[in-house]
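In: take this sequence and fold it.
(one chain, ligands or ions: 1)
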Amino acid sequence: MEFNSSAVSGKTQVYCLIGDPVDHSLSPAIQNTAFRSAGMDAVYVPFRVRRKELKDAIRGLRAIGVRGFNVTTPHKSHVMRHLDKLDPTAREIGSVNTVVASENGMLTGYNTDGIGAVKALQDAGAPLNKTALLFGAGGASRAIAHALARHSKSIRLVNRTQSKARELERRLRRKYRIDVSHHALLRTRLRNLIEEADIIINGSAMGMDGRADLPIEENWLNRDQWVMDIVYRPPETRLLNLAGLAGARTLNGLDMLVSQGACSFELWTGRAAVIAEMRHAVARESLAFAHAKNS
Ligand SMILES: NC(=O)c1ccc[n+]([C@@H]2O[C@H](COP(=O)([O-])OP(=O)(O)OC[C@H]3O[C@@H](n4cnc5c(N)ncnc54)[C@H](OP(=O)(O)O)[C@@H]3O)[C@@H](O)[C@H]2O)c1
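Out: Numbers count the residues shown, from 1 in each chain. The predicted structure follows:
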């Protein structure tokens with residue numbers, strides 16, 4: 001990533017990412033490209049913050065006056081108790097990935113994973129007002145479920161741990177009064193659910209490097225469907241590969257990563273992000289990461 005260190009001065013606004021690990025994060029490429037494209041004197045830096053240092057790290061970020069920061073694993077829920085205000089949806093989801101610092105230093109937590117995923121689908125032309133099947137009930141899936149619930153006719157939830165899917169179903173039904181149900185992650189039950197869905201989203205970690213894959217088959221998918229996988233390592237998962245073979249329209253985890261990053265940028269700056277350039281930067285970084293891993 002090109003970076004002009006001589007352009008940084010005492011007036012440069014600082015934004016950052018906190019998490020552990022952060023060394024392979026694509027967010028610096030996304031956000032520094034967004035700042036550069038917007039002609040802003042701002043920089044975005046990743047910081048490794050261990051669990052036991054989270055409280056001190058937040059105090060430090062307040063003290064030095066960062067303008068905003070992203071939060072990633074393992075701090076997305078623990079960070080909430082150290083903030084001054086929470087967006088109601090972030091509170092409901094129990095997960096914050098974006099923090100905005102106001103002029104007077106007040107820290108407000110948001111979650112852009114859900115709106116980012118839904119925006120990526122909308123921008124691609126997916127019909128959101130139909131039936132969606134969502135795999136996962138972790139932080140990202142909960143965020144996506146809440147964002148989808150504002151548009152979908154029905155949502156089917158599938159998760160390895162059924163109690164988490166049941167709890168998500170209960171919350172969605174109470175808040176949005178939509179048709180929502182949860183189902184076991186069982187190969188024998190999945191075929192019908194997949195065939196009946198208009199939009200299929202993998203919001204779980206299945207298919208991620210080194211993890212188990214979704215137990216599905218190519219002939220369960222069809223060309224009228226939209227399939228999104230939020231896993232971005234690898235960018236082309238088995239699910240997306242099967243969806244492509246079936247002729248379905250696909251979005252990958254990098255599409256969502258850019259979209260949720262654009263939502264963070266907009267919360268921090270009040271400006272629209274230049275998505276095309278951010279996408280280009282993230283594709284370049286992701287390729288460099290894959291080359292480094294394979295060499
Ligand atoms: N593209 C993006 O912008 C973006 C943003 C956020 C996250 N992500 C990716 O999304 C994935 C989930 O992130 P998260 O923050 O939601 O994580 P999380 O809170 O830890 O949730 C993980 C989810 O994956 C399921 N899971 C994990 N391993 C599994 C396995 N072997 N078999 C079946 N289910 C399994 C979990 O099921 P249980 O409930 O049964 O444990 C849970 O539903 C990760 O790959 C992450 O990198 C992408």
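In: nearest to the ligand: which residue in this structure?
Out: residue 138 (1.9 Å; C-beta to the nearest ligand atom). Placement of C-beta: from N, CA and C, glycine included.
In: helix, strand or coil for the residue nearest to that residue when sequence neighbours are not counted?
Out: Using C-beta to C-beta, 6 or more residues apart in numbering and skipping the chain neighbours, the partner closest in space to residue 138 is residue 204 (6.6 Å). The three-state assignment at residue 204 reads coil, by DSSP: H, G, I helix; E, B strand; the rest coil.
In: next up, the contacts around residue 204.
Out: Contacts for residue 204 (C-beta atoms under 8 Å, 6 or more residues apart in numbering) come out as 135-136, 138, 141, 159-160, 214.
In: okay, now the residue of the chain closest to the ligand: neighbour count?
Out: 17 (other C-beta atoms under 10 Å).
In: from memory it sits against residue 206, does it?
Out: No: the pair residue 138 / residue 206 is not scored as a contact, 10.8 Å apart, by C-beta atoms under 8 Å.
In: for the nearest residue to residue 187 once chain neighbours are set aside, give its distance to residue 198.
Out: The spatially closest residue to residue 187, leaving aside those adjacent along the chain, is residue 215, at 4.2 Å (C-beta to C-beta, 6+ apart). As judged by C-beta to C-beta, to the nearest Å, residue 215 and residue 198 stand 21 Å apart.
In: okay, those two: which has more neighbours?
Out: Between residue 215 and residue 198, counted using other C-beta under 10 Å, residue 198 has the larger neighbour count: 18 against 11.
In: surely the more buried one touches residue 131?
Out: Yes: in terms of C-beta under 8 Å, residue 198 counts as a neighbour of residue 131; the distance is 5.2 Å.
In: find the helix or strand that the residue lying closest to residue 105 once chain neighbours are set aside is a member of.
Out: In space, and not counting its chain neighbours, residue 105 is closest to residue 62: 5.8 Å by C-beta to C-beta, 6+ apart. Residue 62 belongs to helix 54-64 when elements are defined using DSSP states H and E.
In: please name the nearest non-neighbouring residue to residue 183.
Out: residue 158 (5.1 Å).
In: what's the helix or strand for that neighbour?
Out: strand 154-159.
In: who's in contact with residue 75?
Out: Residue 75 makes contact with 18-20, 49, 51, 54, according to C-beta under 8 Å, 6+ apart.
In: list the strands paired with the strand holding residue 158, with their directions.
Out: In the sheet, strand 154-159 lines up against strand 131-135 (parallel), strand 179-184 (parallel) (DSSP bridges).
In: with distance to residue 106, mean pLDDT and mean neighbour count as extra columns, can I get those strands in JSON lines?
Out: Output for the strands paired with strand 154-159, formatted as JSON lines (distance: least, C-beta to C-beta, whole Å; pLDDT from 0 to 100; neighbours: other C-beta atoms under 10 Å):
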{"stretch": "strand 131-135", "distance to residue 106": "33", "mean pLDDT": "98", "mean neighbour count": "25"}
{"stretch": "strand 179-184", "distance to residue 106": "35", "mean pLDDT": "97", "mean neighbour count": "17"}
